[in-house]
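Trainee: Give me the fold of what follows.
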Amino acid sequence: MLSNKIATQDIHTQYGGVVPELASRDHQKNIVPVVDEALKKAGITLTQINAIAFTRGPGLMGSLLVGASFAKSLSLALDIPLIEVNHMQ
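Mentor: You can find the predicted model right below:
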């Protein structure tokens, strides 16, 4: 692993817990900037990636759908393998 970048979702603090719809909207808003920043931090470009792993589950369906759709699209565009991961295993 060359970098590790995350986006925190402060929006949930005002509700005392995760709000699924807000979580998926924030995922959608943040996924491209987070990936761009991770690539910059790693010092590589998209063309240097040889596979993509993404969380298949368990989790909030909307947020997982955002990540899965992004990962699948990028995998197809780059013609590289896609690896489904259960983050609890």
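Trainee: The helix or strand where residue 22 lies: what's the following helix or strand?
Mentor: Assigned by DSSP states H and E, residue 22 belongs to helix 20-42. Following helix 20-42 in sequence order, the next helix or strand is strand 52-57 (DSSP H and E).
Trainee: buried residues in stretch 69-85?
Mentor: In terms of neighbour count (16 or more other Cβ atoms under 10 Å), stretch 69-85 has its buried residues at 70, 71, 74, 75. No exception for glycine: its C-beta is placed from N, CA and C like everyone else's.
Trainee: Correction: the previous question concerned stretch 6-23.
Mentor: Buried residues in stretch 6-23, counted by 16+ other Cβ under 10 Å: 9, 19, 22, 23.
Trainee: correct me, but the first one touches residue 22?
Mentor: In other words, residue 9. Yes: the pair residue 9 and residue 22 passes the contact test of Cβ atoms under 8 Å, sitting 7.4 Å apart.
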